[in-house]
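[1] Next come a sequence and a model predicted from it.
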Amino acid sequence: MLCDLEHDDLRPHIGGAEAIVFAAGAGPGSGPERKQTVDLGAAVKCVEAARELGVDRFVIVSSIGMQDMERSGSMRVYLEAKRAADDAVKASGLSWTVVKPGSLNNDPGSGKVEIPTTLGHTGPVSRDNVAQVLYECLLAENTIHAEFELFDGDSPIRTAVTGIR
């Protein structure tokens, strides 16, 4: 069932979900308004629906690069929306995880990633590897209230995720 995250009531689409993974984004080429309505607004709507329906587990796909927003140029509006969405998720009272992938690519997943212990790194990551990490986060209690960056690397995904502190 499809739903418009910007305009629809999300509650009927959530049903009896045990978790929500928010991986939507306005996308390249969208204007500042759309960054606010999707990257921030739709994330907040999902948080509100989760809280109302008792869905405690919430994983959000965010972005790297927030440490240096002053130099982010055209990305600043996007990063500000992502940071506000992250803040809303963290303040929600839900069992949240914030995943900050590097530059996304369509390469086949290697099943191996790097999850640095500090923020501020750069590098690529395949969408396949991101999807697998999101799945593993849902299974790994140690990722609750964790925020981390994600890149292609040398560690098997399950090992990297269970090693998050």
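    Received the coordinates, thanks.

[2] any idea how far T122 lies from E70?
    16 Å (C-beta to C-beta, to the nearest Å). Using the backbone N, CA and C atoms, a C-beta is placed for each residue, glycine as well.

[3] The two: which has the busier surroundings?
    Comparing T122 with E70 by other C-beta atoms under 10 Å, the one with more neighbours is T122, at 10 against 7.

[4] Now do the host helix or strand of E48, average pLDDT.
    Assigned by DSSP states H and E, E48 falls within helix 43-53. Averaging pLDDT along helix 43-53 yields 97.

[5] and the nearest residue to G109 once chain neighbours are set aside, what is it in contact with?
    Distances taken as C-beta to C-beta, 6 or more residues apart in numbering put D128 closest to G109, at 2.7 Å, once the chain neighbours are dropped. Each residue near D128 by C-beta atoms under 8 Å, 6 or more residues apart in numbering is listed here: 107-109.

[6] Of these, which is the most crowded?
    Highest neighbour count within the contacts of D128, by other C-beta under 10 Å: G109, with 17 neighbours.

[7] What separation do you get for the residue nearest the centre of the chain and P28?
    Geometric centre of the chain, nearest residue: V61, 1.0 Å, by C-alpha atoms, centre = their mean. Using C-beta to C-beta, we find V61 at a distance of 15 Å from P28.
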